[in-house]
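Chemist: Whatever this is, show me its structure:
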Amino acid sequence: MSRYTRKTFIEVSSVLESFSDLIDQFTFEDLVFEFGEMFSADNPNFDFAKFQNACGVKEICLLPELHDLLR
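Modeler: Residues are numbered from 1 along each chain as shown. Sure thing, here's the model as predicted:
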């Protein structure tokens, strides 16, 4: 059973979105990516594209390997 639900995804995306203009873009996108990875691992119904859009991110590096290299 998943620990995280749709309600969790909505609440977290709302909190993250509220900080989008307060921190640099790379750090913000990294946070969104990390939460997305955690939610994806926990819940097979998690929709990463929908989550990142709700957070206010238009596009995150599509290749996780490249994202890791940019850290």
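
Chemist: mind checking the longest helix of the protein?
Modeler: In the chain, assigned by DSSP state H, the helix with the most residues is helix 25-42.

Chemist: Next, the buried residues of that one.
Modeler: Buried residues in helix 25-42, defined by neighbour count with 16 or more other C-beta atoms under 10 Å: 28, 29, 30, 31, 32, 33, 35, 36, 39. Quick note: C-beta positions are derived from backbone N, CA and C, even for glycine.

Chemist: Just the closest of those to residue 4, please.
Modeler: Closest approach between the buried residues of helix 25-42 and residue 4, by C-beta to C-beta: residue 39, at 5.4 Å.

Chemist: OK, contacts around the nearest residue to the closest one once chain neighbours are set aside?
Modeler: Counting by C-beta to C-beta, 6 or more residues apart in numbering, residue 39 lies nearest to residue 46, which is 4.5 Å off, once chain neighbours are set aside. Residues near residue 46 by C-beta atoms under 8 Å, 6 or more residues apart in numbering: 4, 9, 36, 39, 40.

Chemist: tell me the pLDDT at residue 69?
Modeler: pLDDT for residue 69: 55.

Chemist: What of residue 17?
Modeler: Per-residue confidence at residue 17 stands at 96 (pLDDT).

Chemist: elements contacting the helix or strand it falls within?
Modeler: Residue 17 belongs to helix 6-18 when assigned by DSSP states H and E. If contacts are counted by 3 or more C-beta pairs under 8 Å, 6 or more residues apart in numbering; DSSP states H and E, helix 6-18 sits against helix 25-42, helix 48-55.

Chemist: switch to 6 Å and redo it
Modeler: Helices and strands touching helix 6-18, by 3 or more C-beta pairs under 6 Å, 6 or more residues apart in numbering; DSSP states H and E, are helix 48-55.

Chemist: Could you give me the buried positions within the helix it packs on?
Modeler: Judged by neighbour count using 16+ other C-beta under 10 Å, the buried positions of helix 48-55 are 48, 51, 52, 54, 55.

Chemist: If you drop the residues flanking it in sequence, what lies closest to residue 14?
Modeler: Per C-beta to C-beta, 6+ apart, closest to residue 14 is residue 54, 7.5 Å.
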